[in-house]
Structure formats: C-alpha cells, structure tokens
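Enquirer: generate a structure from the sequence data that follows.
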Amino acid sequence: MTSLSDSDSDTATAVVSALRAAGCVFAEDEADLILGTARTPDELAAMVDRRAAGQPLEHVLGWAGFHGLRILVEPGVFVPRRRTEFLVDQALAQAPGASVVVDLCCGSGAVGAALAAALGDAELHAADIDPTAVGCARCNIAPYGGHAHVGDLFAALPADLRGRTGILAANVPYVPSDEVGLLPAEAREHEPLVALDGGGDGLDVLRRVAAGARDWLAPGGCVLVETSERQAEDAVEAFRGAGLITRLAVSEELYANVVIGVRD
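Expert: Here you go, the predicted structure:
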C-alpha cells in the first residue's frame, strides 16, 4: 500500500492548516512526515486528529528518527531525544571495540539499537522496568540479535553479563519529582512517569546505576548516563564515589551532558 507523500496540494494545505491551528510550531515539517507515513485517507485523518489532540508526533507516526535509524515508538513509550545521540557517540568513542552492550532504562531500545548498528557484531541486551517499553525495544533490537529483559535495573540482566560488559548505557530518568508537572504536555501526559521521574533531586536512579555498574563492567568497560547541566557535578561525584574513573562530556549544540565512568 502506498503512502500519501504525493498527495495533492489541497490535502497538504489542509493538513498544515489543521496542525497550525492546534499549535504545532513546525506544522509544515510535521505535515510532510504524516503525509509520508499515512497509507490511506482515513489513516491520514486519524493521524492528524491525534496530533492535533496533543499526542507526541512520534507516537502518531509510530516511529522516531534516532542516530540514522527509524525506531519503532508505541503509545505510552518514552520517545528517544535527539540529544541522546550524543551519549551514543560518546560510548562509541570510549569503547569502539566493545563486544557486549547493555542498554539499561532502555525505553524503546533506541540507544542499544544505535550502538549495535554502529559496532556491527556485539552481544546486545536491553532492560527496562516497564513491560510495554521492553516489548517495543524487543522489536527494535531484534535485527541485531538483541535480548530484551523486564526488571529493575541490574536485577533484569542475565548473571553471566557480570564483568563482561564493554558499554553500559543507562538513559536514566533525571527530572526531579516536583518538576515533572512542569514538563511539556506531550511528555507528562503521554510518556510513562517511571521514564521521567528521577526522585527528589532527579538523581535517585543515576546513583543506583553508579553504585552497581562496576560489577558488570569488563576491565576498561564504560558506563554512560545523561543528566542535566545543574545536576552534572553531583552525578560526577556519584560515579567517582563508586570507584569509576569519571569525566563529563558536554554538547552545547544538543544541550547534552553525559557522565562517563570507566572501570580501571
């Protein structure tokens, strides 16, 4: 079945107008994506209605672009952010020969899929406490022979990964609990709270990852987490306190802050 990407100009104009009226800032760009994804006029109308009602564009499309890949994103699953591509790049720069990759707090599995695609031949495991997210991740990492697990952080992982992991990527939730309500409606109303809420200061899950990471890393293996600029100093201290050689990588362009810890 073909898409509606070659729709007549009247249809395209109507879609742009509907999206603009709903407050979509990038109405033209979003219209192009929706027109290119919808396969029938009825599907197009439904997608426009869902987007106009405030659903995230990626949930409406059913996919998100991430690190050159098209990642399946189902309703109720955390949408991968472009800034997290910086975490992937940092992981590849730190451990370009990693043979075992773990994607904790994996959400859609975008980070794990991107790492596996770049590395070419790595054993990949992804884990999340949310079964819906794990189901989505399972689809995204399947092309790379990946394994998806449901559970709370390291408790979800096979025991034989201890001491073997070359890259441990953990895109942990880091929004302080009392600031979740300040997030854009697309996030707070359509993404799972467990993927957003990082506790009192936003670093509860990060500290747990830092405390447990060393046991799972191979010698020279690295653990990477994303955090905010104001939390970065405390996040670095958490990594150092866990016995990891630690540095902070920053991308001003992407507003990304990634803490990197290496097992000596």
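Enquirer: C-alpha only now, for contacts and for neighbours.
Expert: Will do.
Enquirer: now stretch 103-117, how far from the chain's geometric center?
Expert: Taking Cα atoms, centre = their mean, to the nearest Å, one finds stretch 103-117 lying 7 Å from the centre of the chain it belongs to.
Enquirer: check stretch 22-33 too.
Expert: Computed by Cα atoms, centre = their mean, the chain-centroid distance of stretch 22-33 equals 22 Å.
Enquirer: same question, stretch 174-188
Expert: Counting by Cα atoms, centre = their mean, stretch 174-188 is centred 16 Å from the centre of its parent chain.
Enquirer: got the contact list for it?
Expert: With contact meaning Cα atoms under 8 Å, 6 or more residues apart in numbering, stretch 174-188 is reached by 54-56, 196-206, 227-228.
Enquirer: got a ChimeraX select line for the buried ones in these?
Expert: The following ChimeraX line selects those of the contacts of stretch 174-188 that are buried, judged by 16 or more other Cα atoms under 10 Å:
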select :54,55,56,196,197,198,199,202,203,204,205,206,227
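Enquirer: of all the contacts of stretch 174-188, which comes closest to Leu44?
Expert: When those are compared for distance to Leu44 (Cα to Cα), Gln55 wins out at 14.6 Å.
Enquirer: can you give me the neighbour number for the nearest residue to that closest one once chain neighbours are set aside?
Expert: Nearest residue to Gln55, sequence neighbours excluded (Cα to Cα, 6 or more residues apart in numbering): Glu186, at 6.0 Å. Other residues within reach of Glu186 by the criterion other Cα atoms under 10 Å amount to 13.
Enquirer: and if you look at His147?
Expert: Burial measure for His147: 18 neighbouring residues, criterion other Cα under 10 Å.
Enquirer: from Ala122, how far off is it?
Expert: 12 Å (Cα to Cα, to the nearest Å).
Enquirer: mutual contacts of those two, please.
Expert: Common contacts of His147 and Ala122 (Cα under 8 Å, 6+ apart): none found.
Enquirer: tell me where this protein has strands.
Expert: According to DSSP state E, the chain carries its strands in the segments 63-66, 69-72, 100-104, 123-128, 147-150, 165-170, 217-227, 245-251, 256-262.
Enquirer: I'd like those as CSV, with distance to Val48 appended.
Expert: Listed next are the strands of the chain as CSV, based on distance: least, Cα to Cα, whole Å:
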stretch, distance to Val48
strand 63-66, 15
strand 69-72, 19
strand 100-104, 33
strand 123-128, 31
strand 147-150, 32
strand 165-170, 34
strand 217-227, 33
strand 245-251, 34
strand 256-262, 31
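Enquirer: redo those strands as a markdown table? Include distance to Gly112 and mean pLDDT.
Expert: As requested, the strands of the chain are exported to a markdown table (distance: least, Cα to Cα, whole Å; pLDDT from 0 to 100):
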| stretch | distance to Gly112 | mean pLDDT |
| --- | --- | --- |
| strand 63-66 | 11 | 96 |
| strand 69-72 | 11 | 97 |
| strand 100-104 | 5 | 98 |
| strand 123-128 | 7 | 98 |
| strand 147-150 | 10 | 98 |
| strand 165-170 | 8 | 98 |
| strand 217-227 | 12 | 98 |
| strand 245-251 | 19 | 98 |
| strand 256-262 | 16 | 98 |
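Enquirer: what residue is smack in the middle of the protein?
Expert: Among the residues of the chain, Pro80 comes closest to the average C-alpha position under Cα atoms, centre = their mean, at 3.4 Å.
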